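S.K.: fold the following.
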Amino acid sequence: MSSSWLSLEEALSKALAATHVVSDIETISLFSAHRRVVAQDVVATIDVPPWDNSAMDGFAINANSYTQGQALTVQGIITAGEKASTPLSAGHAYKIMTGAPIPDGANTVIMIENCGNDANGNVIINEAPTLGQNIRPQANDIAKGQVLIKKGTQLRAEHLMLLSSQGLNEVVVYRKLRVGIVATGNELAAPGESRSDTQIYESNRVGISAILSDENVEVIDFGIVEDDKASLTRLFHQAASTTADPTSNVTGNHVDIMVSSGGVSVGDADYVKDVIEAMGHIEFWKIAVKPGKPFALGRLNNTVFCGLPGNPVSSFVTAKLLVLPIISKMQGRQDGHTALTVTATLTKDIKRRAGRRDYQRATMSYDDNGNLVVTPFKTQSSGVMTSITSANCFMIIHEDISTLAIGDTVPVMPFT
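M.R.: Coordinates of the predicted model:
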């Protein structure tokens, strides 16, 4: 590995240290809050449950005054949403439904399946009652004043249900990040338009946009820009500025993160890194990852710049490995963005040149014994996008490994 290449861990550390949390906040409806990030601790305002209630359909009794075999007169019925009008009398039982408040004087609920009736319609209990059984005490789940959701939590369905159960219909969150995407290259034609004999259709923007959209950010498409310094300078100036550039065809959009694909390698027409360095600052360039070595991170004013390689697989991999954690940091998330990995058994021998961490496209499945096995594709070219669409995981080979044998265990990153 070249001494100028950063390991993935070094690149992530530098990237996160160079980025900031976008601290602007807003109050939004819970119905708009899925995958938004909480900007302050949410504290419970009520107990849950708000009173002792029945965990079962059954009969509420007083276990202390009950004698085994005693016939109890039914004093009334309590359904969810109602409460008893009078306390439980001695020698009586209330028929009670799940979720209904426990009446005064009762301290036990007997499941209806464990009860019967005598000839006069009185309740007969067929088990020895235990004090407090089948009762959910007040504040058993949540106590008033308890921190329900911590600052920096990305809200999911279960969080929204919890907030709603507190009677809340709004939540304070960080504003959405504005993330710009652009593809660079004279060889690129926009899908849906005609192309020359020397052009290919551009594919990275729509894929990167989909990856970013999963993080609930506002994606701003800057289209395709030619590989020349003047065009790139106008574009990046406009992306990092709050005012529109009248010489540009792009509507004025300041973005928190600018994600470009292409133009960060070592070719004669790869100007992106040079333009960013001239306008702002390049934090690092080149990482010891395959595919995806020519990844660049920089800053333009307060805009973070992520330069992805132009090859589609490389662009896909580095967006997952580096751009997503940067977005998590800037969103204010406290849990970060660590990809799930599992261990699987290799089904074929591998020989390769050590030095870079290799994210090989592969298929993972269960064998006849229910164990996870993984098979890498023969073709691992960074320009072959079908190696992604046909795969369901990345098989990870660490930097210092050059050979693997059938039966070895390897870390695997599932796509979903």
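S.K.: distance between stretch 403-414 and the chain's centre?
M.R.: 26 Å (CA atoms, centre = their mean, to the nearest Å).
S.K.: what mean pLDDT does it have?
M.R.: Averaging pLDDT along stretch 403-414 yields 96.
S.K.: and it, what's buried?
M.R.: Within stretch 403-414, the residues scored as buried using 16 or more other CB atoms under 10 Å are Leu404, Val410, Val412, Met413. Yep, even glycine has a C-beta here, placed from its N, CA and C like the rest.
S.K.: likewise for stretch 185-199?
M.R.: For stretch 185-199, the buried set under the neighbour-count rule, 16+ other CB under 10 Å, comprises Gly185, Leu188, Ala189.
S.K.: of the residues you listed, which belong to strands?
M.R.: The strands, defined by DSSP state E, take in Leu188, Ala189 from the buried residues of stretch 185-199.
S.K.: out of the buried residues of stretch 185-199, which one has the lowest pLDDT?
M.R.: Least confident of the buried residues of stretch 185-199 in the model: Gly185, at 87.
S.K.: which residues are in contact with it?
M.R.: Contacts for Gly185 (CB atoms under 8 Å, 6 or more residues apart in numbering) come out as Glu202, Ile224, Glu226, Asp227, Gly262, Gly263, Gly310.
S.K.: same question, Asn126
M.R.: Asn114, Cys115, Gly116.
S.K.: the helix or strand hosting Leu324 packs against which elements?
M.R.: Assigned by DSSP states H and E, Leu324 belongs to helix 324-331. Counting contacts by 3 or more CB pairs under 8 Å, 6 or more residues apart in numbering; DSSP states H and E, helix 324-331 packs against helix 8-17, strand 257-261, strand 303-308.
S.K.: need the contact partners of the next helix or strand after it.
M.R.: With elements assigned by DSSP H and E, the helix or strand that comes after helix 324-331 is strand 342-346. Strand 342-346 has contacts (CB under 8 Å, 6+ apart) with 364, 367, 371-375, 395, 404-412, 414.
S.K.: pairing partners for the host helix or strand of Val410, with directions?
M.R.: For Val410, the host element (DSSP H and E) is strand 409-414. Using DSSP bridges, strand 409-414 pairs in its sheet with strand 342-346 (antiparallel), strand 393-397 (antiparallel).
S.K.: looking at the ones you listed, which is buried most?
M.R.: strand 393-397 (a mean of 23; mean count of other CB atoms under 10 Å).
S.K.: what stretches of the stretch 251-400 of the chain score poorly on pLDDT?
M.R.: For the stretch 251-400 of the chain, applying pLDDT under 70 flags the ranges 251-253, 265-270.
S.K.: ignore what I typed, I meant the stretch 1-150 of the chain.
M.R.: 1-3.
S.K.: and with 90 instead?
M.R.: Residue ranges of the stretch 1-150 of the chain with pLDDT under 90: 1-4, 69, 119.
S.K.: show me the strands in it, by range?
M.R.: 25-29, 42-43, 53-54, 58-61, 71-78, 92-96, 108-111, 115-117, 123-125, 135-136, 147-149 (DSSP state E, counting those that start in this stretch).
S.K.: next one: the fourth one to chain centre, how far?
M.R.: By that I understand strand 58-61. When distances are taken as CA atoms, centre = their mean, strand 58-61 is centred 44 Å away from the chain's centroid.
S.K.: hang on, Asp52 packs against Ala139?
M.R.: No: in this structure, Asp52 is not within contact of Ala139 by CB atoms under 8 Å, at 9.7 Å.
S.K.: Leu12 reaches Leu322, doesn't it?
M.R.: Yes: with contact defined as CB under 8 Å, Leu12 counts as touching Leu322 (6.7 Å).
S.K.: any common contacting residues for those two?
M.R.: Counting by CB under 8 Å, 6+ apart, no residue touches both Leu12 and Leu322.
S.K.: returning to that earlier point: nearest to Arg357, of the strands paired with strand 409-414?
M.R.: strand 393-397 (6.7 Å; CB to CB).
S.K.: thinking again about what came up before, mind putting the strands paired with strand 409-414 in a markdown table, distance to Arg175 included?
M.R.: Output for the strands paired with strand 409-414, formatted as a markdown table (distance: least, CB to CB, whole Å):
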| stretch | distance to Arg175 |
| --- | --- |
| strand 342-346 | 35 |
| strand 393-397 | 32 |
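S.K.: check contacts around Ser29.
M.R.: Asn169, Glu170.
S.K.: partner residues bridging it?
M.R.: On DSSP bridges, the residues paired with Ser29 through beta bridges are Glu170.
S.K.: make 566 the starting number, not 1.
M.R.: Yep, numbering from 566; the last one is Ser594 now.
S.K.: how near is it to Val737?
M.R.: Ser594 sits 12 Å away from Val737, taking CB to CB, to the nearest Å as the criterion.
S.K.: kindly report the same for Ile700.
M.R.: Taking CB to CB as the measure, Ile700 falls 36 Å from Val737.
S.K.: tell me which of those two has more neighbours.
M.R.: Ile700 (20 against 16; other CB atoms under 10 Å).
S.K.: the more buried one and Ala609: what is the separation?
M.R.: Using CB to CB, we find Ile700 at a distance of 21 Å from Ala609.
S.K.: again with Glu964
M.R.: According to CB to CB, Glu964 stands 48 Å off from Ala609.
S.K.: what do you get for Asp792?
M.R.: Going from Asp792 to Ala609 by CB to CB gives 56 Å.
S.K.: sec struct for Thr929, please.
M.R.: To be clear, residue 929 is Met; Thr isn't right here. At Met929, secondary structure determined by DSSP: H, G, I helix; E, B strand; the rest coil is strand.
S.K.: please consider this matter closed, and thank you.
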